[in-house]
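Structure for the following, please:
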Amino acid sequence: MTTKLNQVIAIEKGIKARAYATVSEEHKRIQKPVLFNGAARQYRPKTEDGEQLPPERQHVQYRVNDILGVVRLSLSDLFDTTAQKDVANSGAKANVEVDGREILPELPVTTLLFLEKQLPALRAFVAELPVLDSAESWSYDNEAGLYKTEAVQTQRTQKVQEPLVLYPATDKHPAQTQMITKDVIAGFWNTVRQSGAMPRPDKERIATRVEKLLIAVKEARERANDTDASIRPQVGAAVFSYLLNE
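Down below sits the predicted model:
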């Protein structure tokens with residue numbers, strides 16, 4: 001029966017959790033050396049009519065070989081499953097395709113997983129890109145490398161004082177005047193706004209492409225994980241055979 005890589009990945013987490021739990025439990029046991037010790041003694045009185053006492057026994061509760069056997073079984077399963085996954089991963093590759101166009105050829109599943117984690121951060125970055133003020137009409141200035149608006153003319157005013165005649169002069173009284181302040185046009189500003197932001201449609205196109213690429217990477221990873229993973233190296237047996245000098 002053929003085993004697929006995605007099947008191995010699905011069970012690996014549980015095997016790893018059980019293996020670590022088993023080793024942790026056995027590690028607690030070996031922290032108590034007294035439980036590995038035992039004794040048996042019988043009493044013999046000095047004389048035939050002396051007091052008889054029953055034999056005493058302290059049982060050994062744990063044996064190192066038994067504990068090693070449990071650890072061996074659990075870790076061998078983990079070692080073999082991890083090796084099975086990695087061997088399959090070494091040949092698990094897929095193309096990343098968007099709208100029928102090949103974007104990334106023959107990427108290994110490890111790289112696809114990396115991209116799958118990175119692209120959401122890139123998507124968030126693109127979402128923060130500044131866009132041009134839609135209330136203005138912009139054109140691109142190739143020389144400056146910036147967007148610009150048409151020139152807008154505004155007036156510059158300045159305050160000047162002028163006499164205001166309150167009462168004109170007569171043959172009996174001089175004219176009565178009062179100084180007042182007036183705003184008069186002094187000149188004109190021609191203002192051209194510039195911006196290093198981008199048009200909103202361009203930003204939306206990039207955001208759409210990031211989203212499409214993320215979906216394509218996930219699909220490629222699924223295809224790569226459909227690789228045959230039937231080869232299961234006996235890593236655990238080799239490791240413990242060497243450790244225990246078998």
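
From the contact counts, what lies against the longest helix anywhere in the chain?
In the chain, taking DSSP state H as the definition, the longest helix is helix 64-91. With contacts taken as 3 or more CB pairs under 8 Å, 6 or more residues apart in numbering; DSSP states H and E, helix 64-91 sits against helix 5-30, helix 235-243. For the C-beta atoms, the positions are set from N, CA and C on the backbone; glycine is no exception.

Any buried residues in the shortest one, and which?
This points to helix 235-243. For helix 235-243, burial by neighbour count (16 or more other CB atoms under 10 Å) applies to 235-236, 240.

Same question for stretch 53-67.
Neighbour count says stretch 53-67 has Ile67 buried, by 16+ other CB under 10 Å.

Dump that stretch to CSV, restricted to CA.
Once non-C-alpha atoms are left out, stretch 53-67 reads as follows in CSV (Å, rounded to 0.1, in the frame of the first residue of the first chain):
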residue,chain,number,x,y,z
LEU,A,53,11.6,-15.0,61.8
PRO,A,54,10.0,-14.9,58.4
PRO,A,55,12.1,-14.0,55.3
GLU,A,56,12.1,-10.4,54.2
ARG,A,57,12.1,-9.2,50.6
GLN,A,58,12.4,-5.8,49.0
HIS,A,59,11.2,-6.1,45.4
VAL,A,60,12.9,-4.3,42.5
GLN,A,61,10.3,-2.0,41.0
TYR,A,62,12.0,-1.0,37.8
ARG,A,63,14.7,-2.6,35.5
VAL,A,64,16.9,-0.5,33.3
ASN,A,65,16.5,-2.9,30.4
ASP,A,66,12.7,-2.5,30.5
ILE,A,67,12.9,1.3,30.5
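
now the buried residues of helix 235-243 in a markdown table, with pLDDT?
Shown next, in a markdown table, are those (pLDDT from 0 to 100):
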| residue | pLDDT |
| --- | --- |
| Val235 | 92 |
| Gly236 | 92 |
| Phe240 | 88 |
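
can you put those in a markdown table and add distance to Phe79?
Putting those into a markdown table (distance: CB to CB, whole Å) gives the following:
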| residue | distance to Phe79 |
| --- | --- |
| Val235 | 4 |
| Gly236 | 4 |
| Phe240 | 9 |
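
Now do the same contact list for Leu244.
Leu68 (CB atoms under 8 Å, 6 or more residues apart in numbering).
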